[in-house]
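Visitor: kindly return the folded structure for what I paste below:
(2 chains)
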Amino acid sequence: MAKTDEGRRRFIVSMAQNVAIATVGSLLWSAYVDEAKAAPLVLRPPGARKEDEFISLCIKCGLCVEACPYDTLMLAKPGDHKPLGTPYFIPREVPCYMCDDIPCVPPCPTGALDIDSVSEVKDGERIFDITKMRMGVAIVDIKNCIAYWGIQCDACYRACPLLDKAIYMEYRQNERTGKHAKLLPVVDPDYCTGCGLCEHACVTEIAAIKVLPRDVALGKVGKHYVKGWEKSDEARLHGSQGIETTVTPRSQKSPVDSLNEGIDFE
Amino acid sequence: MSRIWKKYRYLILRRLTQLTILALYLAGNYLGWKVLQGNLSSSVLFGTIPLADPYALLQIFATGAMVAADAIIGALIIALFYGIVGGRAFCSWVCPVNMVTDGANYLRRKFNLDKYERKWWASRNIRYWVMGLSFILSFLLGTAAFEMVSPVSITHRGIIFGMGFGWAMIVAIFLFDLFILKNGWCGHICPLGGFYSLLGRFNLVRVEHNQPNCTLCMRCKEVCPEKEVLFMVGKKSMQVKMGECTLCGRCVEVCDDDALYFRLRDFLDKGARDVS
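Guide: A predicted model of the protein is given here:
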């Protein structure tokens, strides 16, 4: 009797030990991986899917890196503080030159780089369109951009492969001198691919125009704003039920009545 | 000279294979050779044939992602190859970490560390637990969990694409195997080795033991990185069936008595042939 009890205890305790080792191990492991995969500022290769899909699909083979003729793409090494082994680029060092044939995307074996997002199949032939890629979006720091000081500089504008679309120049009077014009670079996120040629070309010590991931840089209006002056947007109101009001016990009476009534603390 | 060849033939061939594969990948990246491009996670052979690590792919599946056809075909090719040849042939003939852990093991023997070191017991089944956990964590975290920490990938990718602080991982594994646990990484923990052990259960290439020739010198067990697979040595004639055998051939070449050799799988195997 006492012997079986001893045996049972031994069994239960050793099971508990194994479970504990596995739990401690997996907690440490998942804590590391969860932190290590979060890199909101990393810029991915052309055609990359959304970051959370990309990070689960990428097999870290480096075939995109090898295909890049400009050595733009790199695989994250330990110490780069990016998700280990995944491809990324730093536009200030080497930007993406937007090759017409996009050599980096087709080699991807897992589809982490989505070929359909940067090409179309027409008559059985795949036609690439690099301008469809959205790796990021350029953002101008208007305090440190010398064009905004009134000094003539259009380095980013000239560098942009989608000149006058992704970056255009806006005229403004220079109120300091009163007689000159300022030519200000402005980015249109609808066209900007995030190639980073502007950031690479920027003449200031630290680039005053930078590529950031679109999720980080761009805002979102929300669906309750409607552009009444645009037919397509106005059409969203079609079939709507009018204004929806939130109803709470307090809002059943008029605001004045509700306020005059005071608060019942009972 | 011929004696050296006889004693080290498989070791020399293995190092040549490992280094040639590394060199071809390096040439793929730096010289643009189209023999082997990519790395051990996924590659392209001769510019056309896709290859992929089936274990990495299973982790990606565990995240819930659907993978493009190239990777699936590549993983099937690799799984088929190692399934036929013997799963852990990857470990001893291809994996770059093998050179690190073999080095640690060599020093262990050379300085007789086994005799003096404090010993920890660890189950050789840890790798299967790690493998199981890697699938669960991949599912929970949405990324291939072992690929985020894999010393195999870090080493191989590091050699081809730049090492960064990856050397720290190599040093850690070397020290772990040298001073903490014998055959610690490859023989106990590495889930990739565990995966290939399972894959190689039904392989064709096997080590065979011929008991009557055995003089019980036990040199084979001394060099074997998975010595539990050689349980039959000196006891009965049979083939090594356990998937954990890495097919490194060290036991074959250290045996002076022709009691161990490579054979094709014996399909008519009627269990052990006891020799009285």
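Visitor: what about whatever helix or strand residue A:7 lives in and chain B, touching?
Guide: Using DSSP states H and E, residue A:7 falls within helix A:2-36. Yes. Remark: helix A:2-36 sits within contact range of chain B at A:22, A:25, A:26, A:29, A:30, A:32, A:33, A:34, A:36, by Cβ under 8 Å from any Cβ of the partner chain. Using the backbone N, CA and C atoms, a C-beta is placed for each residue, glycine as well.
Visitor: what residues are up against the last one?
Guide: When contacts are counted by Cβ atoms under 8 Å, 6 or more residues apart in numbering or on different chains, residue A:36 is found next to A:83, A:84, B:148.
Visitor: make CSV out of these and add pLDDT.
Guide: Output for those, formatted as CSV (pLDDT from 0 to 100):
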residue, pLDDT
A:83, 91
A:84, 91
B:148, 91
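Visitor: out of those, list just those in strands.
Guide: When these are checked against strands (DSSP state E), there are no matches.
Visitor: skip the chain neighbours and tell me the closest residue to the residue of chain B found nearest chain A.
Guide: Distances between chain B and chain A by Cβ to the nearest Cβ are smallest at residue B:164, namely 2.7 Å. In this structure, residue B:164 finds its nearest non-sequential neighbour in residue A:77, 2.7 Å apart by Cβ to Cβ, 6 or more residues apart in numbering or on different chains.
Visitor: please name the residues that touch the one you found.
Guide: Residue A:77 makes contact with A:84, B:158, B:161, B:162, B:163, B:164, B:165, B:166 under the criterion Cβ under 8 Å, 6+ apart.
Visitor: of those residues, just the buried ones, PyMOL syntax please.
Guide: Listed next is the PyMOL selection for buried residues among these, using 16 or more other Cβ atoms under 10 Å in any protein chain shown:
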select buried, (chain A and resi 84) or (chain B and resi 158+161+162+163+164+166)
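Visitor: and the two most separated of the contacts of residue A:77?
Guide: B:161 and B:165 (13.7 Å; Cβ to Cβ).
Visitor: next secondary structure after the helix holding residue A:7?
Guide: Next helix or strand after helix A:2-36 toward the C-terminus (DSSP H and E): helix A:51-57.
Visitor: can you tell me the helix or strand for residue A:168?
Guide: strand A:167-174.
Visitor: list the contacts of that strand.
Guide: A:138, A:150, A:154, A:156-157, A:160, A:180-188, A:192, A:198.
Visitor: what average pLDDT does the helix or strand that it is followed by get?
Guide: Downstream of strand A:167-174, the first helix or strand assigned by DSSP H and E is strand A:180-187. Averaging pLDDT along strand A:180-187 yields 94.
Visitor: what residues does the stretch 1-150 of chain A put near chain B?
Guide: Near chain B, when you scan the stretch 1-150 of chain A using Cβ under 8 Å from any Cβ, you find A:22, A:25-26, A:29-30, A:32-34, A:36-37, A:52-53, A:55-57, A:59-63, A:65-66, A:74-75, A:77-80, A:83-85, A:107-111.
Visitor: mind doing that once more with 6 Å?
Guide: The stretch 1-150 of chain A has residues A:22, A:26, A:30, A:33-34, A:36-37, A:55-57, A:59-63, A:66, A:75, A:77-79, A:84-85, A:109-111 near chain B, with proximity defined as Cβ under 6 Å from any Cβ of the partner chain.
Visitor: return the distance of the helix or strand of chain B with the lowest mean pLDDT from the chain's centre.
Guide: Least confident helix or strand, chain B: helix B:113-116 with a mean of 85, by mean pLDDT, DSSP states H and E. Helix B:113-116 sits 25 Å away from the centroid of its parent chain (Cα atoms, centre = their mean, to the nearest Å).
Visitor: next helix or strand past that helix?
Guide: Following helix B:113-116 toward the C-terminus (DSSP H and E): helix B:126-141.
Visitor: show residues contacting that next one.
Guide: By Cβ atoms under 6 Å, 6 or more residues apart in numbering or on different chains, the residues outside helix B:126-141 that reach it are A:22, A:26, A:30, A:33-34, B:59, B:62-63, B:144-146, B:188-191, B:193-195.
Visitor: of those, grab the buried ones for PyMOL.
Guide: Buried residues among these (16+ other Cβ under 10 Å), as a PyMOL selection:
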select buried, (chain A and resi 26+30+33+34) or (chain B and resi 59+62+63+144+145+146+188+189+190+191+193+194+195)
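Visitor: distance of the residue in the stretch 151-266 of chain A that chain B sits nearest to from residue A:73?
Guide: Using Cβ to the nearest Cβ, residue A:215 is the residue of the stretch 151-266 of chain A that sits closest to chain B, at 15.9 Å. Residue A:215 sits 20 Å away from residue A:73 when distances are taken as Cβ to Cβ, to the nearest Å.
Visitor: these two: which has the busier surroundings?
Guide: residue A:73 (21 against 12; other Cβ atoms under 10 Å in any protein chain shown).
Visitor: surely the more buried one and residue A:90 touch.
Guide: No. If you go by Cβ atoms under 6 Å, residue A:73 and residue A:90 don't touch, sitting 10.1 Å apart.
Visitor: need the overlap of contacts for those two.
Guide: Common neighbours of residue A:73 and residue A:90 (Cβ under 6 Å, 6+ apart) do not exist.
Visitor: which positions in stretch A:161-181 come out as buried?
Guide: Judged by neighbour count (16+ other Cβ under 10 Å), stretch A:161-181 contains these buried residues: A:161, A:162, A:166, A:167, A:168.
Visitor: now do the domain split for chain B, please.
Guide: According to automatic domain parsing, chain B comprises the domains B:2-198, B:204-264.
Visitor: okay, the ones you listed in TSV with distance to residue A:236 next?
Guide: TSV is the format used below for these (distance: least, Cβ to Cβ, whole Å):
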stretch	distance to residue A:236
domain B:2-198	32
domain B:204-264	60
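Visitor: phi, psi for residue B:220 please.
Guide: Main-chain dihedrals, residue B:220, degrees, to the nearest 10: phi -60, psi -40.
Visitor: look up how far residue B:129 lies from it.
Guide: 28 Å.
Visitor: any idea how far residue A:11 is from residue A:174?
Guide: From residue A:174 to residue A:11 the distance is 84 Å (Cβ to Cβ).
Visitor: swap in residue A:40?
Guide: Counting by Cβ to Cβ, the gap from residue A:40 to residue A:11 is 48 Å.
Visitor: quick one, what contacts residue A:165?
Guide: Taking Cβ under 6 Å, 6+ apart, we find residue A:165 in contact with residue A:191.
Visitor: what residue in chain A comes nearest to chain B?
Guide: For chain A, Cβ to the nearest Cβ, closest residue to chain B: residue A:77, 2.7 Å.
Visitor: so which strand or helix has the residue most central in space within chain B?
Guide: Most central in chain B under Cα atoms, centre = their mean is residue B:91, positioned 1.6 Å from the mean C-alpha point. Taking DSSP H and E as the criterion, residue B:91 maps to helix B:89-93.
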